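Asks: Sequence first, then the predicted structure:
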Amino acid sequence: MQNSSVDEPALGLRERKKRARREALIDATHRLVAEHGLDAVTVEAICEEAGVSARTFFNYFETKDDAVLGHTPWPLDSAATEEFATGGPTGNLLADLQALVSSFLTDAPIGRQRVARALELAAKEPRLLARHLAWMEQHKGQLSALIERRLGDDAPYSSEIVGSTLLFLTHATFLRWDAAGGAGTADEHVSAVVADLRSILTD
């Protein structure tokens, strides 16, 4: 079992069971898709591999594409998001956005190894990238609330611009990491994205 960003003792029995079931579904999906290809794998085959019902599958994922990508509720109540909302970790907005993006990708609830496998599979299936970007767009409302907490009432920037920047950095870092086949770290890739962005803006 891969490590998760959430320690076992911090979870109740029900949450541990839910997490274990979600991870089993993701692992089953990864095995089958790696062996047979995305289009050849059905939800029924995933359920049989994981030993659960189709109803259980759809309690966790909308589609098999979501299971490949390991989509879970975005961890916007983590220590990293709280630190960002209260002005950290550095006090510099762009640097703190960079740290937040890194935490989104590095401290995923499904664990780093599953994220790496999802990136590897997504590199072979362009539609998975589109699905992932659409999934992130669904979290705009939660991100806006987080940004507004950070900026306060008298900020020199609008929450819309900062939120769009956060989404862009997350999108671009995911795409860059995917293009690298999951090699390197999220921190390295988001740093490279920020460096490219600086170059473009000062060109």
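Replies: Alright, I've got the coordinates. What you see is a predicted model, and the numbers here were worked out from it, not measured in a lab.
Asks: switch to C-alpha atoms for all contacts and neighbour counts from now on
Replies: Fine.
Asks: Kindly tell me how buried R31 is, as a neighbour count.
Replies: For R31, the tally of surrounding residues (other Cα atoms under 10 Å) stands at 16.
Asks: Report pLDDT for it.
Replies: Note on R31: pLDDT of 97.
Asks: Just the element for it, please.
Replies: Secondary-structure element containing R31, defined by DSSP states H and E: helix 13-36.
Asks: pull the CA atoms of that helix into CSV?
Replies: C-alpha atoms of helix 13-36 as CSV (Å, rounded to 0.1, in the frame of the first residue of the first chain):
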residue,chain,number,x,y,z
LEU,A,13,-12.5,3.7,10.8
ARG,A,14,-15.1,4.7,8.2
GLU,A,15,-12.8,7.1,6.5
ARG,A,16,-10.0,4.5,6.4
LYS,A,17,-12.3,2.0,4.8
LYS,A,18,-13.4,4.6,2.2
ARG,A,19,-9.9,5.5,1.4
ALA,A,20,-8.9,1.9,1.1
ARG,A,21,-11.8,1.2,-1.3
ARG,A,22,-10.9,4.3,-3.4
GLU,A,23,-7.3,3.2,-3.6
ALA,A,24,-8.3,-0.3,-4.6
LEU,A,25,-10.4,1.1,-7.4
ILE,A,26,-7.6,3.3,-8.6
ASP,A,27,-5.1,0.5,-8.5
ALA,A,28,-7.4,-1.9,-10.3
THR,A,29,-8.0,0.8,-13.0
HIS,A,30,-4.3,1.4,-13.4
ARG,A,31,-3.5,-2.3,-13.8
LEU,A,32,-6.2,-2.9,-16.4
VAL,A,33,-5.6,0.3,-18.4
ALA,A,34,-1.8,-0.3,-18.4
GLU,A,35,-2.4,-3.8,-19.7
HIS,A,36,-5.3,-3.3,-22.1
